[in-house]
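Participant: take a look and give me a structure for this.
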Amino acid sequence: MKKMNMLVTICSIILFQTTSFAECNEIEETKKTEECKKTEETKKTVFQFWSRMTLGKVVSSTLETSAIYDIPFAGEWLETVDGGIKITRQLTPFLTGRLNFGVVVNAATVTPDGLPYEHSAKKVTPALLDATLEYKRGGLISSNDTLTFEAGYFPFKYNAQSTNLGEYLFRSGTYPGWLISGFENSIDKPKLAGVHLSYVFGNNFRLKQDLIVNTELEAFPFHDINLTYIATPSIGNIVDLGLGVQFARFIPVDPRKTTLGNDPLYRNKYDPKIGYLDPVTNDTVRYTFTGTKLMARASFDFKQLFGGIPAFFGKEDLKIYGEAAFLGVKNYKGWYEDPKERVPSMLGINWFTNQFLSYGIIPGVMGYFLEPVESNKISKAGILGGVGVVTGVGTWLLEHFLKINTKLDVISFEIERYKTPYANCLDNIWKTSSPVPYLTGRPSPAFPRYDRDWNDSLAQKDDDIRWSVYMSKKLGKYLRLSGQVACDHTPKIWYSPWPAPQSAKFVDMVPKSKDWYFMTRLSIYF
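Facilitator: Alright, predicted model coming up:
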């Protein structure tokens, strides 16, 4: 009997161990399968195709009479078609590769007077929008922090609310203090080549810090190294702040080009365009493209004070935001003595997307302010206002009875003041590699006198104010409609023949505060 019990016990142990081994093997196989699935999901590649068709018109554009090679843009229609493919590859749980490239077809090239129209033939240009390797990981120090590192050619935006104006750190120069903006240029984000380190921590109080080292690719001289630091504290969803500094061209790759006058090869033939010539001592103060930019910005979402988003409001409604920058903290004798002339600032507000307050009011208001003939303002505002009211009522009925979302996603009004006395122009930078501002109304276009008529005597008072009205609406998952009416810093060179040995095309497309254009765009994503 004892032997029988012992045999049963041994068999039970063997059977238990066999079962355990089987279960262990099954568990191991399950783990391996899950790991394989996770690895396969990790290495998943996502393709996204996109296309955009853009059409607009320059309604008013002042021609600089002193710039004898300037191209008239008033009344010109502008059209571009672009498209491409965005590829995202998840290499590991923390490492991602991105590639976004396409082609731009410009069918709206404006030709200078006197040149054959073949110069206005369409331009087909390849476009690289993103080519980046990104490492992203959370929970390094606490449970609510994230570290991101990306290297390559990447888009970057620090002013989330800006639809056109602003984003000064990466869309400006120092000496001279030029600006660039344009239809959806801010939304598409400036493209930077270099490395970007970002660290975010916090929940209700959140702090994001960005450190960027990039090489200069937008304006001559190329390849200089920029260093930028931006701190972005935010409190809940109500307040979002930003402080930044950029040491522009703090490492000049070729100092002869960044600070002229050190080498006879790069000494401009129109002296003293390399700097300021003192009329008493005849000493020259050499200017440089190197400078320090400062930036401060803030945005407020007042809807959140109501404890969320009331039904009357859209998600982006009633956000107020602003930005100011100091383009070059150092003063130079001559052209750059007054620091107030190097401070652009902008203010924006997202208007109500309610049908009555958007479709019903905006057309009449814009019709009044954009009508150039004073006697026609009331009648034009009345006609457009009436059409707007009918549209507002119709779209509200569609949403109320047929449950069709007819509200716009965002309507933004932005206004900018930049009290520089000089034209917003990169002409001297590109054509004479000079940090001296471009002058209008000069005594002789061929041989300008840069040793006379300094500062306020050449001040322009009719181009300090720029403005923009932007609207956007998504139609399902695959379509988006957007439009803009603006007086901004869109460069003429975007719609002009290239190269530009003679034509003064580096001025703004709408250079005066009274000038304006409109643009519309259909974007497709699939």
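
Participant: F205 contacts T232, correct?
Facilitator: No. If you go by C-beta atoms under 8 Å, F205 and T232 don't touch, sitting 11.9 Å apart. Just so you know, the C-beta spots here come from the backbone N, C-alpha and C atoms, and that holds for glycine as well.

Participant: who's in contact with the helix or strand encompassing V195?
Facilitator: Assignment of secondary structure by DSSP states H and E places V195 within strand 191-201. Contacts to strand 191-201, defined as C-beta atoms under 8 Å, 6 or more residues apart in numbering, come from residues 128-130, 141-142, 144-156, 170, 206-215, 217, 226.

Participant: which of these are buried?
Facilitator: Taking 16 or more other C-beta atoms under 10 Å as the criterion, what is buried in the contacts of strand 191-201 is 129-130, 147-150, 152-154, 156, 170, 208, 210, 212-214, 226.

Participant: so V46 belongs to a helix, correct?
Facilitator: No. Read with DSSP: H, G, I helix; E, B strand; the rest coil, V46 is strand and lies in no helix.

Participant: before we move on, the earlier item: of F205 and T232, which one has the most company?
Facilitator: For F205 versus T232, neighbours defined as other C-beta atoms under 10 Å are more numerous around T232 (20 against 11).

Participant: host element of the residue nearest to that one when sequence neighbours are not counted?
Facilitator: Nearest non-adjacent residue to T232, counting by C-beta to C-beta, 6 or more residues apart in numbering: K208, 4.2 Å away. Using DSSP H and E, K208 sits in strand 205-215.

Participant: between strand 191-201 and that strand, find me the angle.
Facilitator: In terms of direction (axes from the mean of the first three to the mean of the last three C-alpha atoms, to 10 degrees), strand 205-215 departs from strand 191-201 by 150 degrees.

Participant: so what's the gap between stretch 478-486 and the chain middle?
Facilitator: Centre-to-centre, stretch 478-486 and its host chain are 16 Å apart (C-alpha atoms, centre = their mean, to the nearest Å).

Participant: and V200, how many residues sit next to it?
Facilitator: 17.

Participant: ok, now how distant is it from P93?
Facilitator: 18 Å (C-beta to C-beta, to the nearest Å).

Participant: following the chain onward from the strand holding K208, which element is next?
Facilitator: Downstream of strand 205-215 (by DSSP H and E), the next one is strand 225-235.

Participant: quick one: buried residues of that following strand?
Facilitator: Neighbour-count burial for strand 225-235 [16+ other C-beta under 10 Å]: I225, N226, L227, T228, I230, T232, S234.

Participant: who's the third one bridged to?
Facilitator: Read that as L227. According to DSSP bridges, the partner residues bridging L227 are V213, F247.

Participant: contact partners for the spatially most central residue of the chain?
Facilitator: The residue lying closest to the centre of the chain (C-alpha atoms, centre = their mean) is S186, at 2.3 Å. S186 makes contact with K157, N159, S162, T163, N164, L165, G166, E167, R171, according to C-beta under 8 Å, 6+ apart.

Participant: out of these, which are buried?
Facilitator: N159, S162, T163, N164, L165, G166, E167, R171.

Participant: would you turn those into JSON lines with pLDDT, secondary structure and distance to D463?
Facilitator: Below are the buried ones among the contacts of S186 laid out as JSON lines (pLDDT from 0 to 100; DSSP: H, G, I helix; E, B strand; the rest coil; distance: C-beta to C-beta, whole Å):
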{"residue": "N159", "pLDDT": "95", "secondary structure": "coil", "distance to D463": "23"}
{"residue": "S162", "pLDDT": "95", "secondary structure": "coil", "distance to D463": "21"}
{"residue": "T163", "pLDDT": "95", "secondary structure": "coil", "distance to D463": "21"}
{"residue": "N164", "pLDDT": "96", "secondary structure": "coil", "distance to D463": "17"}
{"residue": "L165", "pLDDT": "96", "secondary structure": "coil", "distance to D463": "14"}
{"residue": "G166", "pLDDT": "94", "secondary structure": "coil", "distance to D463": "18"}
{"residue": "E167", "pLDDT": "96", "secondary structure": "coil", "distance to D463": "20"}
{"residue": "R171", "pLDDT": "96", "secondary structure": "coil", "distance to D463": "17"}
